[in-house]
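J.: give the three-dimensional model of this entry:
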Amino acid sequence: MTFKIGPEGRDLFLSSIRISEKDLNPGVVDFTSSDLDLTGWSIGNAQSVKGKMVPAKDDDMKSPSIKVVIDYSGVDVMTIYVLSAKL
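T.: Below is the predicted model:
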């Protein structure tokens with residue numbers, strides 16, 4: 001999924017997946033080329049993105065892993081890219 005959001009919404013979304021903005025890694029896009037081919041996404045350059053892979057919860061086989069990338073190149077709105085999968 002991909003969506004556009006402001007800073008308050010970003011923080012709320014990130015807290016829902018158990019991380020904060022400071023946990024994101026600058027310039028990191030954890031999506032594989034297969035992920036990008038499948039979704040058709042073209043994500044901004046490394047200078048404008050931050051990303052993180054959030055592993056599934058320990059001892060919870062129903063919990064998915066989550067890859068998230070935020071593109072900060074928008075003026076007042078950023079784009080969030082999210083892939084989630086069960087291992």
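J.: which residues in this protein form strands?
T.: 2-5, 25-26, 49-54, 65-71, 78-85 (DSSP state E).
J.: export those to JSON lines and tack on mean neighbour count and mean pLDDT?
T.: Heads up, the C-betas are built off the backbone N, CA and C, glycines and all. Output for the strands of the chain, formatted as JSON lines (neighbours: other Cβ atoms under 10 Å; pLDDT from 0 to 100):
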{"stretch": "strand 2-5", "mean neighbour count": "14", "mean pLDDT": "94"}
{"stretch": "strand 25-26", "mean neighbour count": "12", "mean pLDDT": "94"}
{"stretch": "strand 49-54", "mean neighbour count": "19", "mean pLDDT": "91"}
{"stretch": "strand 65-71", "mean neighbour count": "20", "mean pLDDT": "92"}
{"stretch": "strand 78-85", "mean neighbour count": "18", "mean pLDDT": "91"}
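J.: pipe the ones you listed into JSON lines and attach distance to S34 per row.
T.: What follows is these, written out as JSON lines (distance: least, Cβ to Cβ, whole Å):
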{"stretch": "strand 2-5", "distance to S34": "17"}
{"stretch": "strand 25-26", "distance to S34": "21"}
{"stretch": "strand 49-54", "distance to S34": "15"}
{"stretch": "strand 65-71", "distance to S34": "12"}
{"stretch": "strand 78-85", "distance to S34": "11"}
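J.: quick one: closest of the ones you listed to R18.
T.: strand 49-54 (6.5 Å; Cβ to Cβ).
J.: from E8, how far off is V29?
T.: Applying Cβ to Cβ, to the nearest Å, one obtains 24 Å for the distance of V29 from E8.
J.: quick one, which of these two is more surrounded?
T.: More neighbours sit around V29 than around the other of V29 and E8, counting by other Cβ atoms under 10 Å; the figures are 20 against 8.
J.: report pLDDT for the more buried one.
T.: Reading off the per-residue confidence, V29 sits at a pLDDT of 87.
J.: what's the closest non-adjacent residue to the most centrally placed residue in the chain?
T.: Residue closest to the mean C-alpha point of the chain, counted by Cα atoms, centre = their mean, is V68 at 1.3 Å. Ranked by Cβ to Cβ, 6 or more residues apart in numbering and with sequence neighbours excluded, the top spatial neighbour of V68 is V82, at 5.2 Å.
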